[in-house]
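Participant: Fold the following, please.
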Amino acid sequence: GGGGGGGGGGGGGGGAEKALIALYNRTVKSLFSYGVKCCPEREIVKDSIQELFIELWKNREGLGETDSVKFYLFASLRRKIARAISKLNYRMAVPLEDDMDAETSSFENDWIEIESAGHKREKLTFLINKLTKRQRLAIHLRYFEEMEYDKIAELLNLNKQTIYNLISKAIEALKSHYTPNK
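Facilitator: Predicted structure coming up:
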């Protein structure tokens with residue numbers, strides 16, 4: 001639920017306030033969806049998003065171009081979540097350095113569970129969830145957030161070639177296990 005508005009803080013700044021509210025409405029779902037991929041604790045993600053927008057609210061006059069703002073939001077959210085997790089002694093769901101293939105899981109065993117489900121979308125979602133966490137993040141940013149490869153690389157602290165490889169491996173894995181007409 002939305003809290004009450006703050007007291008009138010002097011005139012001016014109406015345009016920036018409207019822009020920030022519009023930005024929030026436009027990006028909050030994407031940010032949340034990205035956040036839970038970094039950290040499954042939904043409360044941590046919600047709090048981090050709130051904190052992020054409170055900071056933006058304080059500095060709302062300095063908001064720049066929306067493309068770079070979106071990138072800034074994702075990068076800031078990831079940092080906030082990482083800080084919140086380290087305070088709680090969790091491990092980041094996507095560590096900055098780990099063996100990328102360390103948690104590939106066997107598609108075959110789980111495949112049987114959903115053979116009967118039949119729905120293409122369910123199958124695809126199921127398969128995406130079988131990818132490594134890094135692959136899921138890269139796919140999410142590339143295809144759901146339509147981010148450029150170099151932005152994804154910067155956001156995940158990896159080089160561009162690694163991102164290409166991650167995404168192409170993920171797509172190969174999806175293709176090899178996805179039979180839409182079954």
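
Participant: Quick check: Leu161 vs Glu154, distance?
Facilitator: Small correction: residue 161 is Gln, not Leu. Distance from Gln161 to Glu154, counting by C-beta to C-beta, to the nearest Å: 13 Å. Where C-beta positions appear, they are placed from N, C-alpha and C, glycine not excepted.

Participant: How about Ile81?
Facilitator: Computed as C-beta to C-beta, the Ile81 to Glu154 distance reads 17 Å.

Participant: Please say which of Gln161 and Glu154 ends up with more neighbours.
Facilitator: Set side by side, Gln161 and Glu154 show more neighbours around Glu154, with 17 against 10, by other C-beta atoms under 10 Å.

Participant: average model confidence for stretch 27-45?
Facilitator: Confidence over stretch 27-45 (mean pLDDT, whole number) is 90.

Participant: Could you export that stretch as CSV, keeping only the C-alpha atoms?
Facilitator: The C-alpha trace of stretch 27-45 is given here as CSV (Å, rounded to 0.1, in the frame of the first residue of the first chain):
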residue,chain,number,x,y,z
THR,A,27,10.3,-0.1,-13.8
VAL,A,28,9.1,-1.5,-10.5
LYS,A,29,7.9,-4.8,-11.9
SER,A,30,11.1,-5.3,-14.0
LEU,A,31,13.3,-4.4,-11.0
PHE,A,32,11.4,-6.8,-8.7
SER,A,33,11.6,-9.6,-11.3
TYR,A,34,15.4,-9.0,-11.7
GLY,A,35,15.8,-8.7,-7.9
VAL,A,36,14.3,-12.0,-7.1
LYS,A,37,16.7,-13.6,-9.6
CYS,A,38,19.6,-12.1,-7.6
CYS,A,39,18.1,-13.0,-4.2
PRO,A,40,15.1,-15.3,-3.6
GLU,A,41,14.2,-13.4,-0.4
ARG,A,42,11.3,-11.2,-1.7
GLU,A,43,11.3,-9.0,1.4
ILE,A,44,15.0,-8.1,0.9
VAL,A,45,14.2,-7.3,-2.8
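
Participant: residues making contact with it?
Facilitator: Residues outside stretch 27-45 that contact it (C-beta atoms under 8 Å, 6 or more residues apart in numbering): 46, 48-49, 52, 70, 73-74, 77-78, 81-82, 84-85, 88, 90, 92-94, 133, 136-137, 140-141, 144-145.

Participant: Mind checking which of those residues are buried?
Facilitator: Listed as buried from these are 48-49, 52, 70, 73-74, 77-78, 81-82, 84-85, 93-94, 133, 136-137, 140-141, 145; burial here means 16 or more other C-beta atoms under 10 Å.

Participant: just checking, next helix/strand downstream of the longest helix anywhere in the chain?
Facilitator: Ordering each helix of the chain by length in residues (DSSP state H) puts helix 14-38 first. The element immediately downstream of helix 14-38 (helix or strand, assigned by DSSP states H and E) is helix 42-58.
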